[in-house]
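Colleague: Here is a sequence together with a model predicted from it:
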Amino acid sequence: MPETGSTSSRVLGTLEEIEVIAEAWRALEDHCADPLAYFQSYDWCRNWVAQFGDMHEPYVVTIWQGERLIALWPRMIVIRAGIKRLETLGGPHSQYCGILVRQDAMPLNQIAQMLRAAVRASKCDVTISRAVPEGSLLAAVLADKPEVEGSANIASMLDLSGFASAEDYAAQLGKLQKRNRNRRRNHLARMGELSFEVIWPDHEQFAPLVRLCAAMKRRWLVETGRFSTGFAMGGYEDFLASLHGDEGRLSGACLSVLKAGERVVALELGFLQQRHYYAYIGGFDWDLRDLSPGKVQMDMTVGWLIDRDAGAYDLLINMADYKASWANKSLTVNSRAEALSWRGRFYTLAWLPRLRPALKKLHGWLPSMMDRAANLLRPAVCLLLFI
């Protein structure tokens, strides 16, 4: 029976206030049973605030019925360029944006009203929810809020529910897929016998290998000329290494480790929640890139998940060719923004849909533009040096 009592809302703005409700927050997670809510979990949010809370002010909206926590929306206040924004807690590291709501709580429209009242009380210029999954509770709460133009994105997933075992999964691959995967394993095995395991945060090598995984990813970013806002934030590896996981419950952070002989050739940090696996960060030995150690590790991770009755291998948002080659399912996400002041209206009507995309496009053109300019100027520079 639902608990009776007066309904109230409370905003948590410090790490200490968050830690006080740890038990209630975790109980809410279990009751919601939402497989896409890892980035709203106590462990993720608490550890992110502990590492990065001095950069942005937490603004965690909680709704209580008596002494029972019935809804929670993790947010934070970001102030840049004179604009005060209410953003998803954990950005840019968080992926899906969502809320936690007990299944036996009051009607969703009443919860939505209380959430909106808390948003207005923040005195921010604009509230932004990035990567809201289609069909989620938050999508329903924000249904009347404008979608940010051009924000639609796709999350790629491999649905594991159709495979009885890792062997069944391998048997259902096409002939070309089987040949390619066997070839990759055989070529990599020339470096040494392949071994694979999944370790958890209580393992003595978890933290060092998480840092190695991040270092491998950083090298990949450098070698491919990419930039990551999340990786640019100091202390990112410390945050990742602080995350918890429970092997007995198959829940939380875990790390896939692939070795060839004694050499670590590929790693993947992932999160399990409600049988849903998030492939968060993958790294591989760049010097062995022609042997595709990352693909071999992914293949073994998928088999490990199937044998443990996981329901999905989630490659997260942003389309990529390699994701498409693994996925058999997709999920649409989009961003919604609501202006709460004239600055917020400028941000939502001009900056988000027009100016920001134009600057991102220009940033993408800069390398090629600089190369062209260098080619044009090179003869003149040579002439000057000759003179």
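Modeller: That came in fine, so what should we check first? Numbering: from 1, shown residues only.

Colleague: what sits against Val148?
Modeller: Shown in contact with Val148 (C-beta atoms under 8 Å, 6 or more residues apart in numbering): Ile128, Asn334, Ser335, Arg336, Ala337, Thr348, Leu352, Pro353. (Glycine included, C-beta is placed from N, CA and C.)

Colleague: For it, give its distance to Asn334.
Modeller: To Asn334, Val148 is 7 Å away according to C-beta to C-beta, to the nearest Å.

Colleague: Gly135 too?
Modeller: With C-beta to C-beta as the criterion, Gly135 and Asn334 are 12 Å apart.

Colleague: More neighbours: which of the two?
Modeller: Asn334 (20 against 10; other C-beta atoms under 10 Å).

Colleague: Model confidence score at the most centrally placed residue in the chain, please.
Modeller: By C-alpha atoms, centre = their mean, the mean C-alpha position of the chain lies nearest to Gln95, the distance being 3.1 Å. Gln95 carries a pLDDT value of 92.

Colleague: Quick check: it touching Phe39?
Modeller: Yes - with contact defined as C-beta atoms under 8 Å, Gln95 counts as touching Phe39 (5.7 Å).

Colleague: in the protein, which spans are strands?
Modeller: 7-12, 57-65, 68-80, 83-88, 100-101, 126-133, 153-159, 194-199, 245-246, 251-260, 263-273, 276-284, 312-317, 329-339 (DSSP state E).

Colleague: so of those strands, which one's packed in deepest?
Modeller: Neighbour counts averaged per stretch over the strands of the chain are highest for strand 100-101, at a mean of 25; criterion: mean count of other C-beta atoms under 10 Å.

Colleague: So in that sheet, which strands flank that one, and in what orientation?
Modeller: strand 68-80 (antiparallel) (DSSP bridges).

Colleague: In CSV: the strands of the chain, plus distance to Leu108.
Modeller: Output for the strands of the chain, formatted as CSV (distance: least, C-beta to C-beta, whole Å):
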stretch, distance to Leu108
strand 7-12, 14
strand 57-65, 11
strand 68-80, 9
strand 83-88, 20
strand 100-101, 7
strand 126-133, 15
strand 153-159, 23
strand 194-199, 37
strand 245-246, 30
strand 251-260, 26
strand 263-273, 22
strand 276-284, 22
strand 312-317, 25
strand 329-339, 16
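
Colleague: got the ones you listed as a markdown table, with distance to Asn180 and mean pLDDT columns?
Modeller: Formatted as a markdown table, the strands of the chain follow (distance: least, C-beta to C-beta, whole Å; pLDDT from 0 to 100):
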| stretch | distance to Asn180 | mean pLDDT |
| --- | --- | --- |
| strand 7-12 | 50 | 95 |
| strand 57-65 | 46 | 96 |
| strand 68-80 | 41 | 95 |
| strand 83-88 | 38 | 94 |
| strand 100-101 | 41 | 96 |
| strand 126-133 | 32 | 94 |
| strand 153-159 | 16 | 94 |
| strand 194-199 | 16 | 98 |
| strand 245-246 | 32 | 96 |
| strand 251-260 | 17 | 98 |
| strand 263-273 | 16 | 98 |
| strand 276-284 | 17 | 97 |
| strand 312-317 | 18 | 95 |
| strand 329-339 | 22 | 93 |
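
Colleague: domain ranges for the protein?
Modeller: Domain ranges of the chain: 7-154+333-364, 162-310, per automatic domain parsing.

Colleague: Could you list the low-pLDDT ranges of this structure?
Modeller: Residue ranges of the chain with pLDDT under 70: 1-5, 351, 353-387.

Colleague: hey, where'd the helices end up in it?
Modeller: For the chain, the helices defined by DSSP state H cover 15-20, 22-32, 42-52, 108-121, 137-141, 166-171, 175-189, 206-223, 229-232, 236-242, 293-306, 321-326, 342-346, 356-386.

Colleague: Minimum distance to Trp200: which of those helices has it?
Modeller: helix 206-223 (6.6 Å; C-beta to C-beta).

Colleague: which residues are in contact with that closest one?
Modeller: Contacts to helix 206-223, defined as C-beta under 8 Å, 6+ apart, come from residues 199-201, 226-228, 231, 236-237, 240-241, 255, 257, 264, 266-269, 281-286.

Colleague: Stretch 95-103 now?
Modeller: With contact meaning C-beta under 8 Å, 6+ apart, stretch 95-103 is reached by 25, 28-29, 31-34, 36-40, 68-73, 88, 108, 111, 115, 129-133, 136-138, 141, 155, 278, 280, 316-317, 333.

Colleague: now do stretch 56-66
Modeller: So stretch 56-66 is contacted by 2-15, 17-18, 21, 45, 49, 69-78, 86-87, 89, 105-106, 111, 114-115, 118-119, 122 (C-beta under 8 Å, 6+ apart).

Colleague: rewinding a little: adding distance to Ser325, write the domains of the chain out as CSV.
Modeller: Supplementary listing: these in CSV, determined by distance: least, C-beta to C-beta, whole Å:
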stretch, distance to Ser325
domain 7-154+333-364, 14
domain 162-310, 9
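
Colleague: So which of the ones you listed is nearest Tyr322?
Modeller: domain 162-310 (7.9 Å).
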